[in-house]
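1. Need coordinates for the following:
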Amino acid sequence: MVKKIISAGNLPFSKAIIHDSKHVMELSGQVGIDPITGKLVEGVESQTRQSLDNVKTIMEDAGWNLENVIKVRIFLVDMFDYNKMNEIYKNYFNGDYPTRVALAVKALPLGALIEIECTAVRD
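-> Numbering: from 1, shown residues only. You can find the predicted model right below:
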C-alpha cells in the first residue's frame, strides 16, 4: 500500500491521506465497554482508552493494526472533553496520524461520553 500523509503539524491528526489500497475496513462505532465485564468504564479518559482498545482488538482479530487506519470519527457528549480525549488518543498512533473529525452530540448509546469509529485500508 502506498500512503501519503499530509501532516497537520503538532496536532494528533493528519490534514489528508492519499492511498492506493485495495481493501477498506469500516469499523462500527466503539464505546468504552470493557469486554470482560460488559460494562461501560467510567470517565472520558477511561472511555477513550477502552474505545481505542476495542478498535485495536477488532483490527487485530482481522489481521490488521492501527497503522491501517486512515480516518477516525469521534463523537463526544461534551466538547470540553476534547483535550482530555486528545491526550489519550495521541498515544495510540505513532506520528503519522489518521485524518479525523470530532463532533459534539447530544447523547450516545448506553450513556457513553465518547464513541469512536474509523476507516482502515490495506492491500
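2. from here on, contacts and neighbour counts on C-alpha atoms
-> OK.
3. Which of the residues in stretch 12-25 are classified as buried?
-> Pro12, Phe13, Ser14, Ala16, Ile17 (16 or more other C-alpha atoms under 10 Å).
4. I meant stretch 90-104, not that one.
-> Applying 16+ other C-alpha under 10 Å to stretch 90-104 flags Tyr92, Asp96, Tyr97, Pro98, Thr99, Arg100 as buried.
5. same question for it, mean pLDDT?
-> Averaged across stretch 90-104, pLDDT comes to 93.
6. do you know how far the residue nearest to Pro12 when sequence neighbours are not counted is from Ala120?
-> Nearest non-adjacent residue to Pro12, counting by C-alpha to C-alpha, 6 or more residues apart in numbering: Lys90, 5.6 Å away. Between Lys90 and Ala120 the computed distance is 17 Å (C-alpha to C-alpha, to the nearest Å).
7. in which helix or strand would I find Lys4?
-> For Lys4, the host element (DSSP states H and E) is strand 3-7.
8. give the contact list for the spatially closest residue to Ala107 that is not a sequence neighbour.
-> Spatially, and ignoring its direct neighbours in sequence, Ala107 is nearest to Val77 (5.8 Å; C-alpha to C-alpha, 6+ apart). The contact partners of Val77, by C-alpha atoms under 8 Å, 6 or more residues apart in numbering, come to Ala104, Val105, Lys106, Ala107, Leu108, Ala112, Leu113, Ile114.
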